[in-house]
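Enquirer: Output the structure for:
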Amino acid sequence: MMTQPDRIRQYLRRRGCAPSVVKGGLEGLLDHWDSLVQAVEEGYDLTFDDYLNDMELRDVLQGALEAAALEQRQAAEKKVIKLDQRFRDLTVECPPIVGERAARENGHDPSEHWWFFRRPKKPAPDFEEELREAGIV
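Expert: Predicted coordinates:
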């Protein structure tokens with residue numbers, strides 16, 4: 001019988017996650033989301049590609065929650081709900097950060113995959129310029 005951490009790791013491998021993400025499992029994804037929310041709070045100063053990767057990891061986190069056992073999922077969701085609300089407070093709605101075509105092809109829906117449709121309210125100057133070039137701001 002497969003244990004819950006194994007199910008989550010199996011999901012992460014199927015998603016093509018890096019070995020470090022697979023090894024970190026659900027806790028590692030939660031820690032990453034927490035760090036990302038803090039980075040947005042402090043004025044996200046990484047690149048647009050980094051931001052895309054961070055939002056992709058939020059999407060992976062959603063799938064990992066769905067793969068988790070009920071008890072584990074409920075405990076993790078308490079933290080995710082708080083982090084998601086902070087993230088929403090620090091961001092504004094925008095066109096899909098992956099682009100309209102990619103969002104359509106991947107089935108990203110603004111209500112279900114909302115993280116792909118938000119950007120920081122106060123990005124660092126270089127990141128803001130990249131958002132402008134991408135047509136997000």
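Enquirer: Leaving out sequence neighbours, find the closest residue to the most centrally placed residue in the chain.
Expert: Closest residue to the average C-alpha location of the chain: residue 58 at 1.8 Å, with CA atoms, centre = their mean. In space, residue 58 comes closest to residue 115 once its chain neighbours are excluded; the distance is 4.4 Å by CB to CB, 6 or more residues apart in numbering. For glycine as for every other residue, the C-beta is placed from the backbone atoms N, C-alpha and C.
Enquirer: thinking again about what came up before, my read: the residue nearest to the centre of the chain touches residue 118, true?
Expert: No: if you go by CB atoms under 8 Å, residue 58 and residue 118 don't touch, sitting 9.9 Å apart.
Enquirer: Which stretches in the chain count as strands?
Expert: Per DSSP state E, the chain carries strands over the ranges 91-93, 118-120.
Enquirer: any idea of the mean pLDDT for the last one?
Expert: Per-residue pLDDT over strand 118-120 has a mean of 97.
Enquirer: Report all helices and strands that the lengthiest helix in the chain contacts.
Expert: Counting residues, the longest helix found in the chain (DSSP state H) is helix 19-42. The helices and strands touching helix 19-42, judged by 3 or more CB pairs under 8 Å, 6 or more residues apart in numbering; DSSP states H and E, are helix 4-14, helix 48-67, helix 70-90.
Enquirer: Can you lay out these as JSON lines showing mean pLDDT and distance to residue 21?
Expert: Below are those laid out as JSON lines (pLDDT from 0 to 100; distance: least, CB to CB, whole Å):
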{"stretch": "helix 4-14", "mean pLDDT": "87", "distance to residue 21": "6"}
{"stretch": "helix 48-67", "mean pLDDT": "96", "distance to residue 21": "7"}
{"stretch": "helix 70-90", "mean pLDDT": "96", "distance to residue 21": "15"}
